[in-house]
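S.K.: sequence and computational prediction follow.
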There are 4 protein chains.
Amino acid sequence: MAPLNEEQLHQIRDERKEQIKAAALQVFARKGILSAKMSMIAETAGISNGLLYHYFKSKDELFTSLVQEAMAESEAALRSVYDMPGTPLERIRALTAEILNEDGTPYFMLIHQAATSDGVPEQVKEIQQQYSMDTYVDMLLPLFEEGQQAGELAEGDPRELIACYLSVLSGVMVINSNGSKVYQIPKADMLMRLVARK
Amino acid sequence: MAPLNEEQLHQIRDERKEQIKAAALQVFARKGILSAKMSMIAETAGISNGLLYHYFKSKDELFTSLVQEAMAESEAALRSVYDMPGTPLERIRALTAEILNEDGTPYFMLIHQAATSDGVPEQVKEIQQQYSMDTYVDMLLPLFEEGQQAGELAEGDPRELIACYLSVLSGVMVINSNGSKVYQIPKADMLMRLVARK
Amino acid sequence: MAPLNEEQLHQIRDERKEQIKAAALQVFARKGILSAKMSMIAETAGISNGLLYHYFKSKDELFTSLVQEAMAESEAALRSVYDMPGTPLERIRALTAEILNEDGTPYFMLIHQAATSDGVPEQVKEIQQQYSMDTYVDMLLPLFEEGQQAGELAEGDPRELIACYLSVLSGVMVINSNGSKVYQIPKADMLMRLVARK
Amino acid sequence: MAPLNEEQLHQIRDERKEQIKAAALQVFARKGILSAKMSMIAETAGISNGLLYHYFKSKDELFTSLVQEAMAESEAALRSVYDMPGTPLERIRALTAEILNEDGTPYFMLIHQAATSDGVPEQVKEIQQQYSMDTYVDMLLPLFEEGQQAGELAEGDPRELIACYLSVLSGVMVINSNGSKVYQIPKADMLMRLVARK
DNA sequence: CATGAATGAGCATTCATTCAT
DNA sequence: AATGAATGAATGCTCATTCAT
């Protein structure tokens, strides 16, 4: 009966969803949820306004689903540090460089938008409590402790050190995410001075 | 009642303007130009909606005038480093601490909003070209060169060092400006590691 | 596998049409033409959205065709009073009870919707002029006159009596059609007081 | 300071609110909450779309406030029967005639719309539980009991009699409210047969 | 100078209808 | 015949701006 088999339909749906998500990520990251216009997302995705609503019930749902993905993605990025070779400092440098270069910039920016803009859906606020800064700090704690014991990293409260490192990294990502050429993105080596033993 | 003379009228006008600017700075810095509502600014200033338009022709003009002020203000803040006592490194630390603590945060945030948000008036974009990052780099160049010669500051291209320092500082200001408790504001001492000689 | 012959196809087509009409009647009667959504009708009929348009050119056409059927149906219902046994009053009571109980309620409701809602197609308005209240009055006139002559029915202008009886009956159908439990449906015996001789 | 004194402003606000309510009552009563368009209400009231929202936060709030008023109004109308002269039957006839003639028709229709349409705000549903049919039955109970004791009214459960009377009355109001000339509004005397002793 | 009522353009969302498969 | 993806026009609501007082 069905003119397209299930598999084909499923594939179309998935492709469209990804296409929309990619467009929405771009727009949301740059503009925040309030300034981002659904029409802009539709245009970026190359589809009609109405079709957005076949795939996502609302702007809020679309935003929320992206934030969830971004959170998971950023967690995975940090976690990947444990699969890298080298000493703790080398691995932190590699992680830093990866984050700075990576095309994951929009994800960082989205998370920032979600944390600081108005008009953020309730559900996103709940997600944010799950993925607080502490979560990320905990994740990096073993690595930093190892680095301190090896004498590679600066001394002091490791949690504070990590929180500071992450804040600076986030800040750098954020101010560079809009493509404004006002700021200059620091090199990973320079940021290492923040955490390396003098 | 006795009619007010011109001078008195002028003074009232100036006071009102400052009152409005203070309110607008607060609101713009927190929300960005698009999310900030004129009604919110009026309410914060304790005046009526309509009165805003006696003093500023439009939202854009109000925003632009604030950005101009913020630019001048931030320039003055940087310039003040030359009036401070101590070695270059000590003076940079003092400047950093001042910026991080100071209530000038809204000005920084405004500049960031102006640099990265949508809906920014053309005139603001022109101002931004005047006050590019280079302007600030030039301003701090003598101090950093002195610090490098004294062996207090890290070696390498001083312009790059300054640009990196300013970017990190801006990033930290930005992510903390919305009062979101997600991030942790680093202490000045920690940021000094970025620029101090190891 | 064997291709269906024309007759079979025709039969399938007719069955589908009936299926759709049944679903549409339900939805239109409950919601009115504007609130009824084509998607709701499709879902109720258990078919896809698009298939509706193979059988009915538009929402308006579907609605119109239903109204036509409802008109004919209600006319037949009234006409059936002449096939009933008993005195005029007994027959009117039987007719009343039948209408109140019958599942023909949706048809009545549809006629009401057509008569009173917005967004009703032009063609429906034309049909309504054919089947005005007068049509129904004419239809019942012989029966009521017989009842008056037999001394069973209230005296006075029989046309007015019938019109009043039909209006009350319609009103009762309408307020009870949405399943709202706010109103109470009167029993046939009670309504008989309207027309019976005291 | 204020260019218009409080009283004048208050008066303007009140007039506008009444103007809007009158327009909205007309439109809501005729179309129901979903089909009624805010633009239609604005046009009927002779004001701009936006101004509606100075006076009522939303379509729902406007609708709700009207329903509340309608409920109170209808209650008062029924209650007024106790201030009338004459025997119970005479008073019921007077009440009936008043309701049928009165321009309160839109109020009845609005209550009907609220009871039977889709898209009715939650708050309205709560109000409806306060003002159920039972409320009205209770209100008329003493009068009907008195009428039954005086032998003027039909015998039987007085609550059922009242509920039936109110349902018929409501039905008649509803089918006549749209100005469709299909139905004929019965005279009060005819409706009295429903409740009068034979 | 000061107020707040009034306007209208802009955006999120819904839904009848079309069309490729 | 049948599906459901795709379109776009219509509508509720917000907000910068104007204007009568």
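M.R.: The structure has been received and is ready for your questions. Numbers count the residues shown, from 1 in each chain, chains lettered A, B, ... in the order given.
S.K.: please name the nearest non-neighbouring residue to residue A:82.
M.R.: residue A:143 (7.0 Å; Cβ to Cβ, 6 or more residues apart in numbering or on different chains). Bear in mind the C-beta positions are built from the backbone N, C-alpha and C, glycine included.
S.K.: before we move on, what about residue A:133?
M.R.: residue B:182 (5.6 Å).
S.K.: go on, residue A:97?
M.R.: That would be residue A:188: by Cβ to Cβ, 6+ apart, it lies 4.0 Å from residue A:97.
S.K.: so how far is the one helix or strand in chain A whose mean pLDDT sits lowest from its chain's centroid?
M.R.: Across the helices and strands of chain A, mean confidence by mean pLDDT, DSSP states H and E is lowest for helix A:105-116: a mean of 86. In terms of Cα atoms, centre = their mean, to the nearest Å, the centre of helix A:105-116 is set 6 Å apart from its chain centre.
S.K.: close to chain B, is that helix?
M.R.: Yes. Using Cβ under 8 Å from any Cβ of the partner chain, helix A:105-116 reaches chain B at A:112, A:115-116.
S.K.: now which of the residues you listed would you call buried?
M.R.: A:112, A:115-116 (16 or more other Cβ atoms under 10 Å in any protein chain shown).
S.K.: mind putting those in JSON lines, distance to residue A:174 included?
M.R.: Converted to JSON lines, those look like this (distance: Cβ to Cβ, whole Å):
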{"residue": "A:112", "distance to residue A:174": "5"}
{"residue": "A:115", "distance to residue A:174": "10"}
{"residue": "A:116", "distance to residue A:174": "9"}
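S.K.: measure the residue nearest to residue A:97 to residue A:92 for me?
M.R.: 9 Å (Cβ to Cβ, to the nearest Å).
S.K.: show me what the longest helix that chain A contains is packed up against.
M.R.: Taking DSSP state H as the criterion, chain A has its longest helix at helix A:6-35. Contact here means 3 or more Cβ pairs under 8 Å, 6 or more residues apart in numbering or on different chains; DSSP states H and E; on that basis helix A:6-35 packs against helix A:38-45, helix A:49-55, helix A:59-79, helix A:105-116, helix B:6-35.
S.K.: please identify the most buried of those.
M.R.: Most buried of those by mean neighbour count (mean count of other Cβ atoms under 10 Å in any protein chain shown) is helix A:105-116; its value is a mean of 24.
S.K.: which other residues reach stretch A:170-181?
M.R.: For stretch A:170-181, contacts defined as Cβ atoms under 8 Å, 6 or more residues apart in numbering or on different chains pick out A:29-30, A:99-100, A:105-106, A:108-109, A:112, A:182-183, A:185-186, A:191, B:112, B:115-116, B:167-168, B:170-175, B:183.
S.K.: again, 7 Å this time
M.R.: A:29-30, A:105-106, A:108-109, A:112, A:183, A:185-186, B:112, B:115-116, B:167-168, B:170-172, B:174-175, B:183 (Cβ atoms under 7 Å, 6 or more residues apart in numbering or on different chains).
S.K.: what residues sit buried inside it?
M.R.: Result for stretch A:170-181 [16+ other Cβ under 10 Å]: buried residues A:170-178.
S.K.: check these and tell me the two furthest apart.
M.R.: The span of the buried residues of stretch A:170-181, defined through Cβ to Cβ, is set by A:170 and A:178 at 14.4 Å.
S.K.: how close does the residue nearest to residue A:56 when sequence neighbours are not counted get to residue A:17?
M.R.: Nearest residue to residue A:56 in three dimensions, chain neighbours excluded: residue A:62, at 4.1 Å (Cβ to Cβ, 6+ apart). Distance of residue A:62 to residue A:17, given as Cβ to Cβ: 10 Å.
S.K.: repeat that for residue A:193.
M.R.: 43 Å.
S.K.: one step back: make CSV out of the helices and strands packed on helix A:6-35 and add distance to residue B:123.
M.R.: As requested, the helices and strands packed on helix A:6-35 are exported to CSV (distance: least, Cβ to Cβ, whole Å):
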stretch, distance to residue B:123
helix A:38-45, 24
helix A:49-55, 32
helix A:59-79, 31
helix A:105-116, 26
helix B:6-35, 12
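S.K.: make JSON lines out of these and add distance to DNA strand F.
M.R.: JSON lines is the format used below for these (distance: least, Cβ to the nearest atom of the strand, whole Å):
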{"stretch": "helix A:38-45", "distance to DNA strand F": "8"}
{"stretch": "helix A:49-55", "distance to DNA strand F": "2"}
{"stretch": "helix A:59-79", "distance to DNA strand F": "12"}
{"stretch": "helix A:105-116", "distance to DNA strand F": "17"}
{"stretch": "helix B:6-35", "distance to DNA strand F": "8"}
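S.K.: closest to residue D:78 out of the ones you listed?
M.R.: Among the helices and strands packed on helix A:6-35, helix A:59-79 comes nearest to residue D:78, with 45.5 Å by Cβ to Cβ.
S.K.: counting contacts, what elements does the closest one pack onto?
M.R.: helix A:6-35, helix A:105-116, helix A:122-130, helix A:133-149 (3 or more Cβ pairs under 7 Å, 6 or more residues apart in numbering or on different chains; DSSP states H and E).
S.K.: between the ones you listed, which gets the lowest average pLDDT?
M.R.: Among the helices and strands packed on helix A:59-79, helix A:105-116 has the lowest mean pLDDT, at a mean of 86.
S.K.: who touches it?
M.R.: Here helix A:105-116 has contacts from A:25-26, A:28-29, A:32-33, A:66-67, A:70-71, A:73-74, A:120, A:124, A:128, A:170, A:173-174, A:177, B:175, B:178, B:180, B:182, using Cβ under 7 Å, 6+ apart.
S.K.: test my guess that the residue nearest to residue A:133 contacts residue A:135.
M.R.: No. Residue B:182 is not in contact with residue A:135 according to Cβ atoms under 7 Å; the separation is 10.8 Å.
S.K.: higher neighbour count, these two?
M.R.: A count of neighbours by other Cβ atoms under 10 Å in any protein chain shown puts residue B:182 above the other of residue B:182 and residue A:135, at 19 against 13.
S.K.: ok now stretch A:55-64, how far from the chain's centre?
M.R.: 18 Å.
S.K.: identify all contacting residues around that stretch.
M.R.: A:16-17, A:20, A:24, A:28, A:33, A:38, A:121, A:123-124.
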